[in-house]
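> Task: produce atomic coordinates for the following.
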Amino acid sequence: MSKSLLRTALLGALLAFTIGCQQQSQDAAAPAVQGAQANSPDAVLMATVKSLKNGDFDGLMKNALPPAEYARIKADWGKDQEPISDEDRAKFAETIGKLTAPDAEKTLFAEIEPQLSAFDAQYQQQVPMYVAMGTGWLQSTIQQNKDMSEEAKTQALAAVNALGKWVTDTRFTDPDKVKQVLAIAVKGARDLNLKTLDEARALSYDEGMAKGRAVFGSFKDALKVYGLSLDDTLDSIKAEVVSNDGKNAKLKLSYTLLGTPLTGEAEMVQVDGRWYGKDTIDKLNEKALASNGAGNGAVQAAEGAAKAPSKD
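Reported below is the predicted structural model:
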């Protein structure tokens, strides 16, 4: 369980890093807004941040993608899933059963308490070494990324360092904090009200989005126990338009992660009067060309907009 807690912390760190430094892949994923000013690239991006904070994943999907692509994804919900094995069913049932049983918090803590002590005795002193290895790998990956500017690399490295320090300085096996996280997990499992894996797989798109919002809320609460508030990071994000020729826009993002001021970049393109993340549209173009040699009207329009020369 202690290893699971560490993995949860690292996942949260990567999520916060993604939010801050890779915003361009989501930056149009906001609820539809009215008016020219409300539909400016910076307003759309900030609406995205609000949707993410609220766990509105349907809103993110709906506005990050051209309408036809969104409709296709929604229509294909639940299709092409791998068959469920009896082993998968048994594992799901065992996990849900433990999390939703009477006095689950006390029972689970009693079960994992010896493991927490063992981890502290055997591995706690080695955590800085593991963190150094992990951050070193991330730093190398960033440095070798040919699609990132030098400024973007500098900021990404600063984010990695801030997250690495957080992981190093945080004792994830602290008994009081573990109890808080268990209480969050138990409440979250009960609120989901899913008894079998088959039931979970049978959720409709709308039901899945609602369950996803609940899980994301529990995840944020668990991270906050350890001092990482995704809401604080999202609330700190500010967007400034660097250039906008009506077809392409570049934004500068500023935000604070674990007390460290950072900046990032985002590129957007306008298609049929709506702003989308350039990275998202580029990937849709590539997918369309690979599948049938030509994209739909919206994607082709986006491709033309993305390739149009900027006036700045």
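> Longest strand in the protein, please.
strand 260-271 (DSSP state E).
> Check which helices and strands the helix or strand just after that strand sits against.
Counting by DSSP states H and E, the element after strand 260-271 in chain order, helix or strand, is strand 274-277. Judged by 3 or more Cβ pairs under 8 Å, 6 or more residues apart in numbering; DSSP states H and E, the packing partners of strand 274-277 are helix 41-53, helix 57-64, strand 260-271. For the C-beta atoms, the positions are set from N, CA and C on the backbone; glycine is no exception.
> and the host helix or strand of R89, what does it pack onto?
Here R89, judged by DSSP H and E, is contained in helix 86-100. Judged by 3+ Cβ pairs under 8 Å, 6+ apart, helix 86-100 is in contact with helix 104-122, helix 175-192, helix 197-201.
> starting at the chain centroid, how far to the longest one?
The one in question is helix 104-122. Helix 104-122 has its C-alpha centroid displaced from the chain centroid by 29 Å (Cα atoms, centre = their mean, to the nearest Å).
> Could you check how far A214 is from Y130?
31 Å (Cβ to Cβ, to the nearest Å).
> oh sorry, the question was meant for R201
From R201 over to Y130 (counting by Cβ to Cβ), the distance is 35 Å.
> Surely K278 is in contact with V269?
Yes. Applying Cβ atoms under 8 Å as the test, K278 and V269 come out as touching, 5.0 Å apart.
> Show me which of those two is the more surrounded one.
V269 (26 against 22; other Cβ atoms under 10 Å).
> what residue ranges in the stretch 151-300 of the chain are flagged as low confidence?
292-300 (pLDDT under 70).
> go again using 80 as the cut-off
Applying pLDDT under 80 to the stretch 151-300 of the chain picks out residues 291-300.
> How many residues are close by P66?
23.
> Residues touching the helix holding R89, excluding its own?
Identification of contacts with helix 86-100 by Cβ atoms under 8 Å, 6 or more residues apart in numbering yields 104, 107-108, 185-186, 189-190, 194-198, 200.
> For the helix or strand hosting L157, which helices and strands make contact with it?
For L157, the host element (DSSP H and E) is helix 150-169. Contact analysis of helix 150-169 by 3+ Cβ pairs under 8 Å, 6+ apart lists helix 2-21, helix 127-143, strand 248-257, strand 260-271 as its packing neighbours.
> ok so, going back, which of the helices and strands packed on strand 274-277 sits closest to G134?
strand 260-271 (17.8 Å; Cβ to Cβ).
> Partner strands of the closest one and their direction?
strand 248-257 (antiparallel), strand 274-277 (antiparallel) (DSSP bridges).
> among those strands, which is the most enclosed?
strand 274-277 (a mean of 23; mean count of other Cβ atoms under 10 Å).
> So which bits of the host helix or strand of R72 are buried?
Per DSSP H and E, R72 falls inside helix 67-75. For helix 67-75, the neighbour count (16 or more other Cβ atoms under 10 Å) marks E69, K74 as buried.
> what helices or strands is it leaning on?
helix 57-64, helix 297-307.
> rerun at 7 Å
helix 57-64 (3 or more Cβ pairs under 7 Å, 6 or more residues apart in numbering; DSSP states H and E).
> Any idea how many residues pack against T154?
Neighbours around T154, by other Cβ under 10 Å: 14.
> could I have the longest strand of the chain exported to CSV, CA atoms only?
Taking Å, rounded to 0.1, in the frame of the first residue of the first chain, the C-alpha atoms of strand 260-271 are listed here in CSV:
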residue,chain,number,x,y,z
THR,A,260,7.3,28.1,-7.5
PRO,A,261,6.4,30.7,-10.1
LEU,A,262,6.5,29.2,-13.6
THR,A,263,5.5,30.1,-17.1
GLY,A,264,4.5,28.1,-20.2
GLU,A,265,3.3,28.5,-23.8
ALA,A,266,0.2,27.6,-25.7
GLU,A,267,-0.6,27.7,-29.5
MET,A,268,-4.1,27.8,-30.8
VAL,A,269,-5.9,27.9,-34.1
GLN,A,270,-9.4,29.2,-35.1
VAL,A,271,-11.7,26.9,-37.0
